[in-house]
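A.B. asks: fold the stuff below for me.
(2 chains)
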Amino acid sequence: MSAATRNVLLFAAVAGLIVLTGFTQSWNAALAIVNMGLISAVMALGVNISWGYAGLYNIGTMGFVALGGLATVLVATPPTEGAWRAGGFRIVAALVFGALVVAAAASLYRRLPKGGWRRSAALAAVLVVGFYVYRLVLDPAVAAVEAINPALQGNLGGLGLPVLLSWPVGGLLAAGAGWLIGKTALGLRSDYLAIATLGIAEIVIAVLKNEDWLDRGVKNIVDIPRPVPYEIDLQSSPAFVSFMSGIGADPGAASAIVVKLLYAGLFLAVLLSLLWLCEAALNSPWGRMMRAIRDNETAAAAMGKDVTSRHLQVFVLGCAVLGIAGAMMATLEGQLTPGAFQPLRFTFLVWVMVVVGGSGNNFGAVLGGVLVWYLWVQVEPWGNALMALATSGMADGSPLRQHLLDSAAQMRPLVMGVILILMLRFRPQGLIPGK
Amino acid sequence: MGFLDALVAFANYVLLPGITYGSQLALGALGATLVYGILRFSNFAHGDTMAFGTMATILATWGLQAMGVGLGPLPTALLALPAGILATVLFVLATDRLVYRTYRTRKVNSLTLVMVSLGVMFVMNGLVRIVIGVDDRQFADGARFVFTAAQFRAWTGLTESLALRTTQVVTVALTVLVVGWLHWFLQRTRTGKSMRAFSDNENLALLSGIDPERVVAIVWVLSAALATLAGVLYGLDKSFRPFTYFQLLLPVFAAAVVGGFGNPLGAVAGGFVIAFSEVFVTYSFKKVLGYLLPAAWQPEGLAQLLTTDYKVAVSFTVLVLVLLFRPTGIFRGKSA
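C.D. replies: Okay, here's the model as predicted:
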């Protein structure tokens, strides 16, 4: 069997699994898996760009996804009445000032002679005074913004633009953050880079959780506008109801499915264009250069390739794709919940997807994204069924049985870990190996 | 008495919590740094090893409590600790045999091992959640305080007060004992010396007839025991919740890297650096300044650098700064 046939069969098998879900559970559930599966595939594609093309170990996935989610809030939600006047401009001024202080400190660090107390004292003075002034400017403005209708708003709000615009903006936001991080951290050794990005992701989440003026923090942003019609609008549209009744479908159930299909169409369009771009890039001279750098940095540098700036470039591209995925996810969910971002789900699970699919191969990443997401969703009902079967011999009220049944929902990480370990052991190149 | 009051307030809210948390981080970082020194990879499963060890200890504690065995004023968990350590050591050794060993013989690069440790992390995380559940658990018993705030106030007559909790004393005492013993072990014993030789130069150590499998096994035993101890002490001091322990991985790594990854002495120092920067930056100094400054200079706000929610950000800012300006850590670590 040729590699191409096998790959087609693999994709067909995953599609088959999802169709099976449609028949055995519900089409609504199957389409929900498809939608998040497509978003997961975009995430896996993003990780694959920095890991598969360049061997950069970025485990800050969660942070970039969250930044993409933030973009939907900043672009699509309506602006809060009076918030900009109350303190918005002052907040922006404070942030710009803060950035200037850091830049000044960095330039002092470079200009002043190394060693000696002068440099340290000057740096400390700039940072301490700068921080004090920054808080002096920022704090009252933040208090003023957060005081506006705190039960529902209390943040600056967005621009009120179409939500689809936030997808590229999410990519840009994540790319900008990626550029800053790459500029500072890419010089680190591989596993230090991993630890640093893991930490930076936590910092991004901490900011999103606590800066209420930006995104209401843990109070969450709900009602992010949708790019597709609401179910309730479809149900009240006579044309839709008469059409669905005409083909013998229940308009209520059909509206949910139509909305999910519309989302799936949008996501699929994004995924396919990204996939096409990635494939074109990978097969271009640029892609060959990236693989050369990945396989032997020293040799590539000796051939005159600028390894550092190529690494930065590919890191930023990977972050941008993660940001797009984050914006798509926030759009699908219609809300931004910073408290829901957990590294197990948004960083390490994406890595499982890439490893299962095949690192270095774009199609592998997509396959892994959809397949692993399918498993992540389905392990829970399977775990429940398994536990119910295993404990069926026990007495009904037995506390052990109850405990086992309750904990079956926690089977997910266990199964993912076993999958990851088995893949790395027996098929480290993944289902669709990279070239 | 303003100065003494300021000192007592500072000790109660910054010094004592900092020392306790620092000890717990130091023990955790020691385990991670030993694995890094010998096996040469960052073990991402270390946080969940702490959770696993604590879970095993809690189960043993419940057993002891059910039998009515206790330690009087000390927490029963201390009596259950050997059982918890034993269970964790066995689990970790089994992981090494089943999962890690094959990669060692194949001499793969360290990133593959990091990936494998992610898999182990998932498995341990799932196991802990399945066995003990995801809820918050308090398992400290015995006397809660060595002396309470009211007692302290009665003795000294100060406005501010200081409470010393049993768990704080237990944490610091055990940390001093264990770190002292580990230092002696690594510096003086034959096994310890062979481990340091292996860490410095693997090939030379092999040529000198050091059995690599034995060294690796001892490292896993030490790291599992340290992780369990750190986890139990943290849980006694605060509480046990699987998700919190997973997040402890971050400050533990930060401590190990700040001290110089692979350097045991550095890990201890790093633990305290991270703990104190977290507590210091997020503590509101209004009270302390209130005693020290004349009324006219009183700060209006809380005099807090960052809100407590940014604790996790603090440890990582310190980490990133150290990595940027002194990549080998405060003490020189390994740069493999």
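A.B. asks: surely A:A264 and A:N35 touch.
C.D. replies: Yes - with contacts counted by C-beta atoms under 8 Å, A:A264 reaches A:N35, the gap being 5.5 Å. Using the backbone N, CA and C atoms, a C-beta is placed for each residue, glycine as well.
A.B. asks: for B:L305, what are its contacts?
C.D. replies: Each residue near B:L305 by C-beta atoms under 8 Å, 6 or more residues apart in numbering or on different chains is listed here: A:F131, B:V281, B:T282.
A.B. asks: ok, the strand or helix carrying the first one near chain B or not?
C.D. replies: Looking back up the chat, that one is A:F131. Using DSSP states H and E, A:F131 sits in helix A:116-146. Yes - using C-beta under 8 Å from any C-beta of the partner chain, helix A:116-146 reaches chain B at A:F131, A:D139.
A.B. asks: show me how far stretch A:393-404 is from its chain's centre.
C.D. replies: On the basis of C-alpha atoms, centre = their mean, to the nearest Å, stretch A:393-404 sits 39 Å off its chain's mean C-alpha point.
A.B. asks: go through the contacts of B:L305 and name the one nearest A:L349.
C.D. replies: Nearest to A:L349 among the contacts of B:L305 is B:T282, at 30.4 Å by C-beta to C-beta.
A.B. asks: so for A:A264 and A:N35, which residue has more residues nearby?
C.D. replies: Taking other C-beta atoms under 10 Å in any protein chain shown, A:A264 and A:N35 do not tie; A:N35 has more neighbours (21 against 17).
A.B. asks: look at A:I203 and report its pLDDT.
C.D. replies: Looking at A:I203, its pLDDT stands at 89.
A.B. asks: can you check B:R332 too?
C.D. replies: B:R332 is given a pLDDT of 62.
A.B. asks: check A:V137 too.
C.D. replies: Here, the pLDDT recorded for A:V137 equals 89.
A.B. asks: please identify the helix or strand for the residue most central in space within chain A.
C.D. replies: Nearest to the geometric centre of chain A sits A:V65, at 2.6 Å (C-alpha atoms, centre = their mean). Using DSSP H and E, A:V65 falls within helix A:61-76.
A.B. asks: so after that helix, what's the next helix or strand?
C.D. replies: Scanning forward in sequence from helix A:61-76 by DSSP H and E, the next helix or strand is helix A:83.
A.B. asks: write out the residues of the stretch 151-300 of chain A neighbouring chain B.
C.D. replies: Residues of the stretch 151-300 of chain A lying near chain B (C-beta under 8 Å from any C-beta): A:184-185, A:188-192, A:194-196, A:198-200, A:202-203, A:206-207, A:209-210.
A.B. asks: can you tell me how far the one residue in the stretch 101-250 of chain A that gets nearest to chain B sits from B:P251?
C.D. replies: Closest residue of the stretch 101-250 of chain A to chain B, C-beta to the nearest C-beta: A:G199 (3.2 Å). Distance, A:G199 to B:P251, by C-beta to C-beta, to the nearest Å: 10 Å.
A.B. asks: find the residues that touch each one of these two.
C.D. replies: Common neighbours of A:G199 and B:P251 are listed as B:S315 (criterion: C-beta under 8 Å, 6+ apart).
A.B. asks: and the helix or strand bottoming out on mean pLDDT in chain B, what does it pack onto?
C.D. replies: Sorted by mean pLDDT, DSSP states H and E, the helices and strands of chain B end with helix B:286-292, the least confident at a mean of 78. Packing contacts for helix B:286-292, counted by 3 or more C-beta pairs under 8 Å, 6 or more residues apart in numbering or on different chains; DSSP states H and E, involve helix B:2-10.
A.B. asks: list the buried residues in the helix it packs on.
C.D. replies: B:D5, B:A6, B:L7, B:V8, B:A9, B:F10 (16 or more other C-beta atoms under 10 Å in any protein chain shown).
A.B. asks: residues in contact with it?
C.D. replies: Helix B:2-10 is contacted from outside by B:T156, B:L158, B:T159, B:E160, B:S161, B:L162, B:K287, B:V288, B:L289, B:Y291, B:L292, using C-beta under 8 Å, 6+ apart.
A.B. asks: report the buried residues of stretch A:216-231.
C.D. replies: A:R216, A:G217, A:K219, A:I221, A:I224, A:P225, A:R226, A:P227, A:V228, A:E231.
A.B. asks: what is the nearest of the residues you listed to A:G326?
C.D. replies: A:I224 (12.4 Å).
A.B. asks: where's residue 318, which helix or strand?
C.D. replies: You didn't say which chain, so I picked chain A. Judged by DSSP H and E, A:G318 forms part of helix A:307-333.
A.B. asks: switch to chain B, please.
C.D. replies: helix B:311-325.
A.B. asks: quick one: mean pLDDT for that helix?
C.D. replies: 80.
A.B. asks: next, the buried residues of it.
C.D. replies: Applying 16+ other C-beta under 10 Å to helix B:311-325 flags B:K311, B:V312, B:A313, B:V314, B:S315, B:F316, B:T317, B:V318, B:L319, B:V320, B:V322, B:L323 as buried.
A.B. asks: is that helix positioned near chain A?
C.D. replies: Yes - Helix B:311-325 reaches chain A (C-beta under 8 Å from any C-beta) through B:V312, B:A313, B:S315, B:F316, B:T317, B:L319, B:V320, B:L323, B:L324.
A.B. asks: run through the neighbouring helices and strands of that helix.
C.D. replies: Judged by 3+ C-beta pairs under 8 Å, 6+ apart, helix B:311-325 is in contact with helix A:166-185, helix A:190-210, helix B:242-259, helix B:264-282.
A.B. asks: so is the last one next to chain A?
C.D. replies: No - against chain A, helix B:264-282 shows no contacts by C-beta under 8 Å from any C-beta, the least distance being 11.0 Å.
A.B. asks: got the angle for that helix vs helix B:311-325?
C.D. replies: 130 degrees (axes from the mean of the first three to the mean of the last three C-alpha atoms, to 10 degrees).
A.B. asks: pull the distance from helix B:264-282 to the chain's centre.
C.D. replies: For helix B:264-282, the distance to the chain centre is 10 Å (C-alpha atoms, centre = their mean).
A.B. asks: ok so, going back, buried only: go through the residues of the stretch 151-300 of chain A next to chain B for me.
C.D. replies: Using 16+ other C-beta under 10 Å, the buried members of those are A:184-185, A:188, A:191-192, A:194-196, A:198-200, A:202-203, A:206-207, A:209-210.
A.B. asks: got the residues of the stretch 1-150 of chain B near chain A?
C.D. replies: Near chain A, when you scan the stretch 1-150 of chain B using C-beta under 8 Å from any C-beta, you find B:41-42, B:99, B:102, B:110-112, B:114-116, B:118-127, B:129-131, B:133-134.
A.B. asks: select only the buried ones of those residues in PyMOL?
C.D. replies: In PyMOL, a selection of the buried entries from the residues of the stretch 1-150 of chain B next to chain A looks like this (16+ other C-beta under 10 Å):
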select buried, chain B and resi 41+42+99+110+111+114+115+116+118+119+120+121+122+123+124+125+126+127+129+130+131+133
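A.B. asks: tell me which of the residues of the stretch 1-150 of chain B next to chain A fall in strands.
C.D. replies: Judged by DSSP state E, the subset of these located in strands is empty.
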